[in-house]
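[1] give me the fold of what follows.
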Amino acid sequence: MTSDGPPWSAADGGRSYLRGLPVLTGTGPGFDPAEAAASPVSQFATWLQHAVQAGVPEPHAMTLSTVDSRGMPRARVLILKAVDDRGWHFAVSSTSQKGRDLRAHAAAALTFYWPALVRQVRVTGVVVSDGERASAEDFLARPVASRAIALTLRQSQPLVDPTELDAEIDKALRKLTDEPGLVPAEWISYAVRPSEVEFWEGTPDRRHRRLSYYRVGDTWDRTQLWP
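    Residues are numbered from 1 along each chain as shown. Presented below is the predicted three-dimensional model:
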């Protein structure tokens, strides 16, 4: 990848180089907040399908932002599992950093970014468990390699010897062969029950269109925001 702008310079921390990189290069389909769906779930489903139709790679990938026990924010990319009236669903191991963060602070933010469409969706709210049945169904639907790595219960721990990783995965695969229905108690399916959902579509002139849904009891209010 090359840039027509100035070369990277350590003197300014790459500031000039970064400023020379193009932004907002996608093509927004057009978004009229006045015609948005009454529910953010319906609006999200429409936008996600637009992203799929536009060929956006992994359009269901999202950034999950949490806060750890020391109050420090953390973010990582996960795959969305479902969206319904209960919220935006994902699954993690309770022994992972994500799981520990959610134990400390049961709230999170999700960010979807589809640059080809110059669109973002931001979801904020409390995080609740989907229950044992949903957690088990999610785990058993995962590829065997994903289940094996989850069974090691070692995610986010320091890896001193790479051969130990191979040994633990082999042990987990043997366990799954012997017990194909095995589901670790540590595997939890969660839902972000949103208090706010924002839809953002950018434009080159920075007159971005933004619509925020705010939960009011069991219904939603909508407010258009300044760019």
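[2] going forward, measure contacts and count neighbours with C-alpha atoms only.
    Will do.
[3] quick one: low-confidence parts of the protein?
    Scanning the chain for pLDDT under 70 picks out 1-4.
[4] check contacts around the most centrally placed residue in it.
    Central residue of the chain (CA atoms, centre = their mean): residue 62, 2.4 Å from the mean position. Residues near residue 62 by CA atoms under 8 Å, 6 or more residues apart in numbering: 77-80, 110-113.
[5] now those residues as CSV including neighbour count, secondary structure and distance to residue 144?
    What follows is the contacts of residue 62, written out as CSV (neighbours: other CA atoms under 10 Å; DSSP: H, G, I helix; E, B strand; the rest coil; distance: CA to CA, whole Å):
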residue, neighbour count, secondary structure, distance to residue 144
77, 13, strand, 21
78, 15, strand, 18
79, 15, strand, 17
80, 18, coil, 19
110, 24, strand, 27
111, 18, strand, 28
112, 20, strand, 27
113, 19, strand, 29
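[6] now render these as JSON lines, adding distance to residue 133.
    Shown next, in JSON lines, are the contacts of residue 62 (distance: CA to CA, whole Å):
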{"residue": "77", "distance to residue 133": "25"}
{"residue": "78", "distance to residue 133": "21"}
{"residue": "79", "distance to residue 133": "20"}
{"residue": "80", "distance to residue 133": "18"}
{"residue": "110", "distance to residue 133": "24"}
{"residue": "111", "distance to residue 133": "27"}
{"residue": "112", "distance to residue 133": "27"}
{"residue": "113", "distance to residue 133": "31"}
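[7] and of the residues you listed, the nearest to residue 130?
    residue 80 (14.0 Å; CA to CA).
[8] so who does that closest one touch?
    60-62, 88-90.
[9] for the chain, longest helix please?
    helix 162-178 (DSSP state H).
[10] quick one: buried residues of that helix?
    By neighbour count on 16 or more other CA atoms under 10 Å, the buried set for helix 162-178 is 168-169, 172-173, 176.
[11] tabulate the residues you listed (TSV), appending distance to residue 25.
    Below are the buried residues of helix 162-178 laid out as TSV (distance: CA to CA, whole Å):
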residue	distance to residue 25
168	45
169	42
172	45
173	45
176	46
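[12] return the member of these nearest to residue 217.
    Distances from residue 217 to those, taken by CA to CA, are shortest for residue 176, at 43.8 Å.
[13] I'd say the closest one and residue 182 touch.
    Yes. Between residue 176 and residue 182 there is a contact at 6.6 Å, judged by CA atoms under 8 Å.
[14] rewinding a little: my guess is the residue nearest to the centre of the chain is in a strand, correct?
    Yes. Checked against DSSP: H, G, I helix; E, B strand; the rest coil, residue 62 lies within a strand.
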